[in-house]
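Engineer: Here you go, sequence then predicted model.
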Amino acid sequence: MTTLDSERISVLLDRLHQDAEAADRTLVEEVVGDMAASGKTMEQLAAELISEERSDMRSVYRRHADHFLSVSPAYGRFLYAMARACRATRIVEFGTSMGVSAIYLAAALRDNGGGKLIGTELEPGKVARARAHIATAGLADLVEIREGDARETLADVGGPVDLLHIDGAWSLYLPILKLVEPRLRPGSVVLAENAFADDYLTFMRNPTNGYLSQPIPVDEGRGNEFAVKVD
């Protein structure tokens, strides 16, 4: 049995996914309603959010201080599987939120024999809750959650990175990739959820930049992108 399927963690994750659904239900309904009323696509709404972020990121994300904005169970298990497949021992996560995805990734580290997950989160309240959830999972010895702007907190990740998980402010996907990129090795995996920023997708899908990148059919419509560094 894997760490992910242990009773301690499976029960916790079930509860956290239920909490996330309850906390984010109204937000999801608002987005769906906006799309129906305006006729806008998800990509168009994403472009508006990215523009708003670039004007005042802290105000945008302060509105989401109580939202989980977390991965689905299916995507969480995909994260675990990818971390196992690349035998990750050092993982970097941009956008830890309440720590749900970090639990999936840290469980993979445990089953890989150990390692380090460095997460970062802008909202102080989320940092506290993420740390508490990770401690409840019994994975705190594998995880370091850094509080603050990822452009500062991820300036030094301490060593080679096997897997980079990008799931924070959408306007920062390419800047965070470029920040961590010197630590990525050939074969390192980059996973991005909500990858709607044109600059990120254009860069990642241009083979001259050293990546093989494509969308993945897990939670279709949520902009999930898989990439591997090939050189």
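Structural biologist: Great, that's in hand.
Engineer: before we move on, what SS does the residue nearest to Arg129 when sequence neighbours are not counted have?
Structural biologist: With sequence-adjacent residues excluded and distances taken as Cβ to Cβ, 6 or more residues apart in numbering, Arg129 is closest to Met98, at 5.1 Å. Every C-beta, even on glycine, is put in place using the N, C-alpha and C of the backbone. Following DSSP: H, G, I helix; E, B strand; the rest coil, we place Met98 in the coil state.
Engineer: Enumerate every residue touching Met98.
Structural biologist: Met98 makes contact with 16, 20, 68, 70, 126, 129-130, 133, according to Cβ atoms under 8 Å, 6 or more residues apart in numbering.
Engineer: please redo it, this time with the cut-off set to 6 Å
Structural biologist: 68, 126, 129-130 (Cβ atoms under 6 Å, 6 or more residues apart in numbering).
Engineer: Can you turn the buried part of those into a ChimeraX selection?
Structural biologist: Selecting only the buried entries of these in ChimeraX, with 16 or more other Cβ atoms under 10 Å as the criterion:
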select :68,126,129,130
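Engineer: Now, the contacts of Met98 that are in helices?
Structural biologist: Using DSSP state H, 126, 129-130 are the members of these that sit in helices.
Engineer: What is the nearest of these to Tyr104?
Structural biologist: For those, the minimum distance to Tyr104 (Cβ to Cβ) is 12.8 Å, reached by Ala130.
Engineer: Mind putting the contacts of Met98 into TSV with distance to Arg84?
Structural biologist: Formatted as TSV, these follow (distance: Cβ to Cβ, whole Å):
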residue	distance to Arg84
Phe68	24
Lys126	26
Arg129	26
Ala130	22
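Engineer: Tell me if Leu16 really is in a helix.
Structural biologist: Yes: counting by three-state DSSP, one finds Leu16 located in a helix.
Engineer: Check the offset of the host helix or strand of Gly76 from the chain's centre.
Structural biologist: Per DSSP states H and E, Gly76 falls inside helix 73-85. In terms of Cα atoms, centre = their mean, to the nearest Å, the centre of helix 73-85 is set 12 Å apart from its chain centre.
Engineer: Stretch 59-73 now?
Structural biologist: 12 Å.
Engineer: what's that stretch in contact with?
Structural biologist: In contact with stretch 59-73 (Cβ under 6 Å, 6+ apart) are residues 17, 20, 23-24, 27, 52-53, 97-98, 100-101, 122-123, 125, 219.
Engineer: what's the spacing between the residue nearest the centre of the chain and Arg15?
Structural biologist: Residue closest to the mean C-alpha point of the chain, counted by Cα atoms, centre = their mean, is Asp167 at 3.1 Å. As for Asp167, its distance to Arg15 is 20 Å (criterion: Cβ to Cβ, to the nearest Å).
Engineer: what does Asp156 give?
Structural biologist: 34 Å.
Engineer: got the CA positions of the lowest-mean-pLDDT helix or strand in the chain in PDB?
Structural biologist: Lowest mean confidence among the helices and strands of the chain (mean pLDDT, DSSP states H and E): helix 42-62, at a mean of 89. C-alpha atoms of helix 42-62 as PDB (Å, rounded to 0.1, in the frame of the first residue of the first chain):
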ATOM      1  CA  MET A  42     -12.700  30.500 -20.100                       C
ATOM      2  CA  GLU A  43      -9.700  31.700 -22.000                       C
ATOM      3  CA  GLN A  44     -11.300  35.200 -22.300                       C
ATOM      4  CA  LEU A  45     -12.100  35.300 -18.600                       C
ATOM      5  CA  ALA A  46      -8.600  34.100 -17.800                       C
ATOM      6  CA  ALA A  47      -7.100  36.900 -19.900                       C
ATOM      7  CA  GLU A  48      -9.100  39.500 -17.900                       C
ATOM      8  CA  LEU A  49      -7.900  38.000 -14.600                       C
ATOM      9  CA  ILE A  50      -4.300  38.000 -15.700                       C
ATOM     10  CA  SER A  51      -4.600  41.600 -16.600                       C
ATOM     11  CA  GLU A  52      -6.100  42.400 -13.200                       C
ATOM     12  CA  GLU A  53      -3.300  40.500 -11.500                       C
ATOM     13  CA  ARG A  54      -0.700  42.500 -13.300                       C
ATOM     14  CA  SER A  55      -2.400  45.700 -12.000                       C
ATOM     15  CA  ASP A  56      -2.800  44.700  -8.300                       C
ATOM     16  CA  MET A  57      -2.000  41.000  -7.500                       C
ATOM     17  CA  ARG A  58      -2.300  41.300  -3.800                       C
ATOM     18  CA  SER A  59      -5.800  42.700  -3.900                       C
ATOM     19  CA  VAL A  60      -6.900  40.000  -6.400                       C
ATOM     20  CA  TYR A  61      -5.700  37.200  -4.200                       C
ATOM     21  CA  ARG A  62      -6.800  38.700  -0.900                       C
END
